[in-house]
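Colleague: Sequence first, then the predicted structure, then my questions.
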Amino acid sequence: MTFDQLETPVPLVDLDVMAHNLDAMQGYADRHGLALRPHTKTHKSVHVGREQVRRGAAGLTCATPHEATVMQQATDDLLVAYPVVGHAKLDRLFSVREDVALRVQLDSSHAIDELAAAAVRHDRAVAVTVEFDAGMHRVGVPSLDDAVALARHVHANPPLEFSGIAFYPGHIREPVTSQDAALERLRHRVAEAIEAFTEAGMPPAVVSGGSTPTMWRSHEITGITEIRPGTYVYNDRTTAEIGACAWQDCAFSVLATVVSTSVPGQAVIDAGTKALGREPMRGASGEGWGALLDRPHVVVSRMSEEHGILDLSGSDWRPQVGEQVRVVPNHVCIVTHLNDVIFGVRGGDVVTSWPVEARGRGYGQLIGV
């Protein structure tokens with residue numbers, strides 16, 4: 001199957017580039033004695049999850065109970081790195097088959113109480129990592145004393161089991177070569193956390209952290225045992241701009257068709273916000289909403305729902321109506337979630353495809369219809 005047989009816009013993944021990304025990350029983790037637990041929010045695919053586990057991933061990380069119910073097809077070891085709160089979400093979580101080891105990342109006594117009650121109700125042990133705030137100021141306990149108290153609360157509520165601590169360095173978005181000061185502050189914060197738990201008689205067996213922007217420097221964080229990068233599997237424009245990957249490591253692109261060249265200095269493609277998302281270049285220089293894979297200097301400067309405007313002012317390239325282009329999005333995780341199927345390609349040929357099973361919320365039926 002060739003590209004011109006696909007109805008655009010459509011997501012493509014270069015299989016050789018993805019394989020290189022998977023191998024490189026697993027190799028890095030192995031060299032530094034780190035457990036790799038990739039975050040599946042980027043690919044949301046059983047096929048890709050299996051490829052990660054086959055290469056040696058210790059398990060997979062999920063953001064939602066629905067992702068967990070899907071990813072149990074790829075691994076028997078799952079972490080939900082998000083506070084699971086609410087009866088419906090907990091019941092969904094506990095629908096994961098019993099031979100799958102479950103761990104949940106929490107930061108409140110309320111969430112612990114709800115998880116403990118559900119664990120008793122379902123007669124199932126669940127591991128808990130307590131999340132502390134390492135600088136992102138999103139979730140995670142700011143006070144290490146409070147984090148220790150939460151761990152004690154876990155101990156007091158079997159069948160929950162305290163397994164360690166976790167953090168997310170998502171606030172570090174500087175270019176890789178400019179991360180020294182931020183990483184030094186992170187090292188200090190993680191060391192403080194490990195010391196606090198050790199002095200409290202609960203040395204953390206698991207110290208879980210990591211993100212794609214910091215992934216190649218994770219080993220510099222003393223005491224870390226596990227990393228959870230997600231974007232690395234496909235990479236995107238932002239990851240390349242900050243130097244966490246090379247441009248040729250971007251495996252994911254959106255194939256689009258030029259539908260209009262009527263306005264001088266621009267071309268219109270059939271990929272707008274519903275195909276590319278609307279994520280800005282967070283922590284990186286550069287404008288626009290995506291760039292062409294083979295012409296990174298040509299960016300999607302404006303969008304509406306089904307229209308993407310290519311800015312040609314800095315290029316002598318003038319595409320024809322009907323010509324196909326491949327756009328590397330700013331943030332690939334958002335774009336994956338917009339699609340039902342991913343097409344795997346080599347060269348100019350489509351050689352395979354796989355479903356994005358974990359997209360959406362997993363409701364299988366409508367109510368009152």
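Modeller: Received, thanks. Numbering: from 1, shown residues only.
Colleague: in the stretch 51-200 of the chain, which spans are strands?
Modeller: In the stretch 51-200 of the chain, the strands defined using DSSP state E, counting those that start in this stretch lie at 60-62, 77-80, 101-106, 126-131, 160-166.
Colleague: Highest mean neighbour count across the ones you listed, which stretch is it?
Modeller: Among these, strand 60-62 has the highest mean neighbour count (mean count of other CB atoms under 10 Å), at a mean of 28. Placement of C-beta: from N, CA and C, glycine included.
Colleague: Please list the outside residues in contact with that one.
Modeller: 37-41, 49, 52-53, 68, 71, 74-75, 77-82, 228, 230, 358 (CB atoms under 8 Å, 6 or more residues apart in numbering).
Colleague: quick one on the thing from earlier: right, so of the strands of the stretch 51-200 of the chain, which gets closest to Val17?
Modeller: strand 60-62 (21.0 Å; CB to CB).
Colleague: Pairing partners for the nearest residue to Val154 once chain neighbours are set aside in the sheet, please.
Modeller: In space, and not counting its chain neighbours, Val154 is closest to Phe162: 4.4 Å by CB to CB, 6 or more residues apart in numbering. Beta-bridge partners of Phe162, counted by DSSP bridges, are Val128.
Colleague: From Thr222, how far off is Phe162?
Modeller: Phe162 sits 21 Å away from Thr222, going by CB to CB, to the nearest Å.
Colleague: returning to what we had before: keep only those of the contacts of strand 60-62 that are in helices.
Modeller: Counted as lying in helices by DSSP state H, out of the contacts of strand 60-62, are Gly49, Gln52, Val53, Ala68, Met71.
Colleague: Tabulate those (a markdown table), appending pLDDT.
Modeller: What follows is these, written out as a markdown table (pLDDT from 0 to 100):
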| residue | pLDDT |
| --- | --- |
| Gly49 | 98 |
| Gln52 | 98 |
| Val53 | 98 |
| Ala68 | 98 |
| Met71 | 98 |
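Colleague: Just name the closest of the residues you listed to Val96, please.
Modeller: So of these, ranked by how close each gets to Val96 (CB to CB), first place is Ala68, at 5.5 Å.
Colleague: In this structure that closest one contacts Lys89, no?
Modeller: No. Using CB atoms under 8 Å, Ala68 is not in contact with Lys89, being 10.1 Å away.
Colleague: more crowded one of those two?
Modeller: Ala68 (26 against 19; other CB atoms under 10 Å).
Colleague: who touches the more buried one in this structure?
Modeller: For Ala68, the contacting residues are Cys62, Leu78, Val80, Arg92, Leu93, Val96, Leu102, by CB under 8 Å, 6+ apart.
Colleague: how near is the first one to Ala29?
Modeller: If I follow you right, that is Cys62. 19 Å.
Colleague: cool, the fourth one as well?
Modeller: When distances are taken as CB to CB, Arg92 and Ala29 turn out to be 30 Å apart.
Colleague: More neighbours: which of these two?
Modeller: Neighbour count, other CB under 10 Å: between Arg92 and Ala29, Ala29 has more, with 25 against 18.
Colleague: ok, the more buried one touching Leu36?
Modeller: Yes. Counting by CB under 8 Å, Ala29 does reach Leu36; the two are 3.9 Å apart.
Colleague: circling back to that earlier point, reformat the contacts of Ala68 as CSV; add distance to Val128 and pLDDT.
Modeller: Formatted as CSV, the contacts of Ala68 follow (distance: CB to CB, whole Å; pLDDT from 0 to 100):
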residue, distance to Val128, pLDDT
Cys62, 15, 98
Leu78, 13, 98
Val80, 10, 98
Arg92, 18, 96
Leu93, 13, 97
Val96, 16, 98
Leu102, 10, 98
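Colleague: Which one of those residues is nearest to Phe343?
Modeller: Comparing the contacts of Ala68 against Phe343 with CB to CB places Cys62 closest, at 24.0 Å.
Colleague: And the residue nearest the centre of the protein?
Modeller: Gly230 (3.4 Å; CA atoms, centre = their mean).
Colleague: Could you tell me how many residues sit around Ser109?
Modeller: Considering only other CB under 10 Å, Ser109 is surrounded by 14 other residues.
Colleague: list the contacts for it?
Modeller: Counting by CB under 8 Å, 6+ apart, Ser109 has contacts Leu150, His153.
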